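In: need coordinates for the below:
(chains A and B)
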Protein chains: 2
Amino acid sequence: MKKVKIGLLGMGNIGTGSYKVLHMNHGHILETTGLDLEITKVLEVLVDRDRGIPIPKEIFTQDFEDILNDPEISIVIELLGGYEPATTYMEQCLEKGKHVVTANKAAVAANWERITAAAEKGGSLFRFEASVGGGIPCINAITTQLSANVITEVMGILNGTTNYILTKMGEEGKEYGEALKEAQEKGFAEADPTADVEGHDVANKLSILMSLCFGKRVHPDDIPTTGITDITKEDIADAESQGCVIKLIANGVRNGDEVTCFIQPTYINKNHPLAGVKNEFNALFLKGNAVDDVMMYGKGAGPFPTASAVLGDVIEVAKLV
Amino acid sequence: MKKVKIGLLGMGNIGTGSYKVLHMNHGHILETTGLDLEITKVLEVLVDRDRGIPIPKEIFTQDFEDILNDPEISIVIELLGGYEPATTYMEQCLEKGKHVVTANKAAVAANWERITAAAEKGGSLFRFEASVGGGIPCINAITTQLSANVITEVMGILNGTTNYILTKMGEEGKEYGEALKEAQEKGFAEADPTADVEGHDVANKLSILMSLCFGKRVHPDDIPTTGITDITKEDIADAESQGCVIKLIANGVRNGDEVTCFIQPTYINKNHPLAGVKNEFNALFLKGNAVDDVMMYGKGAGPFPTASAVLGDVIEVAKLV
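Out: Numbers count the residues shown, from 1 in each chain, chains lettered A, B, ... in the order given. Purely as a prediction, here's the structure:
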């Protein structure tokens, strides 16, 4: 049995989900891995928020230094979101030799060099499975199980909001505005849906994939991106007449030494496995020069699926250290 | 740069595929991981077989002890297939501190206790990603990325031959015998297809999944198994009339402390992601209590996809040692 103490930065929805999943499955994880994982400090201002689970007040702190300087904490989970202070906190933890696990796609995509340099400097591990595809095992599949492949192509449905809207337009003949409204009512789209429907959320994820699959850094702002706001019932019908559905696809392609990437609504043949990825589900489809076609499918968002990926990273890191 | 010397047991189709993929991607693996992997000894009688790639004759041996006692070899890939001498060789390597990677589902399923005990005794790593689902990243996903979950259900399409036959029956209205003949002509079924069509091949894979997903040992012979030989055109039409397709499904279900498993042709609703898994493709569908539904899809057989999984394991092990 190995006791591992964890610091958590941020206890919003994903942080709360991670705390709950660890509480729910603590015994199972201990039994199957020998790891006794415990979140001993939480950086969060909103101490009294009702999270639906009792959390001892004494583990909350409002001072990041309490976690950074706690010698007993070996792993820090960053779930603050946004660029700062998340990036600086991750950097400081990594440089100090603490291992970092995050779900923060924006920070990882924008500040890849800073974060990986800090990990190298501190000899620390950095894991970010949850940053792309939520609970879907894809990031670590690329870096481990598929690492013997030269990956030649990536196609991802990496945003649940847009996939939900496109599914409703395709299956129920809804117009874009109507499907968006339904997505908002069901909690699959935010009040201001811009980041999702314009493809900016996907750009962060594709940027991360470009680094991993092709060793090529592309800043999210530099990825040619077309969202789904101009898709009409007529477009959907035209796709249908050609045996296709329209999906918002994040594309990355290797041609010899050249790599290109873009995000755009794309006709997908109904026989392609990505065509069956419906509603809020996500999937990552890859081609490798040994494995050929591979697809990983699941829930790309939500507190519990995201917590699954976060804690999977924590367990992997805890086994290694 | 880390030089890692590998012993290979058996150079049939999968062994040859692994040698070819390593040759093809050696530079890429070196560049991305810093690992300089080399197969330095091969246990194989058929030295002169034309494998479509030049292989130095001096690396062949007919004596297993040459590999077992080579202190420079730290990883042994077992691709002999069958129960013996594969199991004994793996045991001896593991006990001697050599790490073992295999694709041998029959040996792993039948002799799980012996092999894992040998790994523990020798302090060695044992990896078998390729034993279930060929190139699909699934085994290591269960043991790492999904390890924070209590897995409650497993449903797998884990045999390409039967899935090819059922797809042809469903999409082209063929009778079983006709579809089997076509599968044999295309190389997706063997001359004696018994092990595939009766479900015995799948039983080995489900046995391995039961150990990993539920911590429950079930010998393949003890899994209630129904193959596809009795499926008729009429059955397919009946499924179709209910909005379903028929798939040969390996099932494992956890109900509290109880776990059940069986293999049988099953009606799958066309909206279920497994319904879109066609022809020779395989997929593993899982439910976890955090991640919810997840599916991994790809080629469940073939020299290159299988080599992708074998070498992915080799790379993971080589990084750790």
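In: need the nearest residue in space to A:Ile73, chain neighbours excluded.
Out: In space, not counting the residues next to it along the chain, A:Ile73 is nearest to A:Gly7; the distance is 4.4 Å by CB to CB, 6 or more residues apart in numbering or on different chains. Glycine gets a C-beta too; all of them are placed from N, C-alpha and C.
In: quick check: that neighbour touching A:Glu72?
Out: No - with contacts counted by CB atoms under 8 Å, A:Gly7 stays clear of A:Glu72, the gap being 9.4 Å.
In: for the stretch 151-300 of chain A, which segments are assigned as strands?
Out: Defined through DSSP state E, counting those that start in this stretch, the strands belonging to the stretch 151-300 of chain A, from first to last, are A:151-157, A:244-255, A:258-269, A:281-288, A:292-299.
In: quick one: which of the ones you listed is nearest chain B?
Out: Comparing the strands of the stretch 151-300 of chain A against chain B with CB to the nearest CB, the closest turns out to be strand A:292-299 (4.0 Å).
In: which elements pack onto that closest one?
Out: Using 3 or more CB pairs under 8 Å, 6 or more residues apart in numbering or on different chains; DSSP states H and E as the contact definition, the elements that strand A:292-299 packs against are strand A:281-288, strand B:292-299.
In: could you point out which of those sits nearest A:Trp112?
Out: Between A:Trp112 and the helices and strands packed on strand A:292-299, the tightest spacing by CB to CB is seen for strand A:281-288, at 18.5 Å.
In: report the buried residues of the lengthiest helix in chain A.
Out: Criterion DSSP state H: the longest helix present in chain A is helix A:13-33. When burial is assessed from 16 or more other CB atoms under 10 Å in any protein chain shown, helix A:13-33 yields the following buried residues: A:13-22, A:24-25, A:28-29, A:32-33.
In: quick one on the thing from earlier: redo the helices and strands packed on strand A:292-299 as a markdown table? Include distance to B:Met169.
Out: As requested, the helices and strands packed on strand A:292-299 are exported to a markdown table (distance: least, CB to CB, whole Å):
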| stretch | distance to B:Met169 |
| --- | --- |
| strand A:281-288 | 26 |
| strand B:292-299 | 21 |
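In: near chain B, which residues of the stretch 1-150 of chain A are found?
Out: Taking CB under 8 Å from any CB of the partner chain as the criterion, the neighbours of chain B within the stretch 1-150 of chain A are A:21-22, A:24-25, A:28-29, A:31-33, A:129, A:135-137, A:140-141, A:144-150.
In: residues touching A:Pro273, list them.
Out: With contacts defined as CB atoms under 8 Å, 6 or more residues apart in numbering or on different chains, the neighbours of A:Pro273 are A:Ala283, A:Phe285, A:Asp293, A:Met295, B:Gly276, B:Val277, B:Phe281, B:Tyr297.
In: give me that answer again for 10 Å
Out: Taking CB atoms under 10 Å, 6 or more residues apart in numbering or on different chains as the contact definition, A:Pro273 lies against A:155, A:283, A:285, A:293-295, A:297, B:273, B:276-278, B:281, B:283, B:295, B:297-298.
In: would you map out the domains in chain A?
Out: A:2-135+A:303-320, A:146-298 (automatic domain parsing).
In: quick one: which of the ones you listed is nearest B:Glu182?
Out: domain A:146-298 (18.3 Å).
In: next, the buried residues of stretch A:201-221.
Out: In stretch A:201-221, the ones that count as buried by 16+ other CB under 10 Å are A:201-214, A:216, A:218, A:220.
In: that stretch and chain B in contact?
Out: Yes - residues of stretch A:201-221 are located near chain B by CB under 10 Å from any CB of the partner chain, namely A:Leu212, A:Gly215.
In: so for that stretch, mean pLDDT?
Out: When pLDDT is averaged over stretch A:201-221, the result is 97.
In: can I get it as PDB, trimmed to CA atoms?
Out: Taking only C-alpha atoms (Å, rounded to 0.1, in the frame of the first residue of the first chain), the coordinates of stretch A:201-221 have been written out as PDB:
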ATOM      1  CA  ASP A 201     -12.800  25.000 -28.100                       C
ATOM      2  CA  VAL A 202     -11.900  22.400 -30.700                       C
ATOM      3  CA  ALA A 203      -8.900  24.500 -31.800                       C
ATOM      4  CA  ASN A 204      -7.300  24.100 -28.400                       C
ATOM      5  CA  LYS A 205      -7.800  20.300 -28.600                       C
ATOM      6  CA  LEU A 206      -6.500  20.100 -32.100                       C
ATOM      7  CA  SER A 207      -3.400  22.100 -31.200                       C
ATOM      8  CA  ILE A 208      -2.600  19.600 -28.400                       C
ATOM      9  CA  LEU A 209      -3.100  16.700 -30.900                       C
ATOM     10  CA  MET A 210      -0.800  18.300 -33.400                       C
ATOM     11  CA  SER A 211       2.000  18.400 -30.800                       C
ATOM     12  CA  LEU A 212       1.400  14.700 -29.800                       C
ATOM     13  CA  CYS A 213       0.600  13.100 -33.200                       C
ATOM     14  CA  PHE A 214       3.000  15.000 -35.400                       C
ATOM     15  CA  GLY A 215       5.500  16.700 -33.100                       C
ATOM     16  CA  LYS A 216       4.300  20.000 -34.600                       C
ATOM     17  CA  ARG A 217       3.400  23.000 -32.500                       C
ATOM     18  CA  VAL A 218       0.500  25.000 -33.900                       C
ATOM     19  CA  HIS A 219      -1.000  27.700 -31.700                       C
ATOM     20  CA  PRO A 220      -4.800  27.400 -31.600                       C
ATOM     21  CA  ASP A 221      -5.200  30.900 -33.000                       C
END
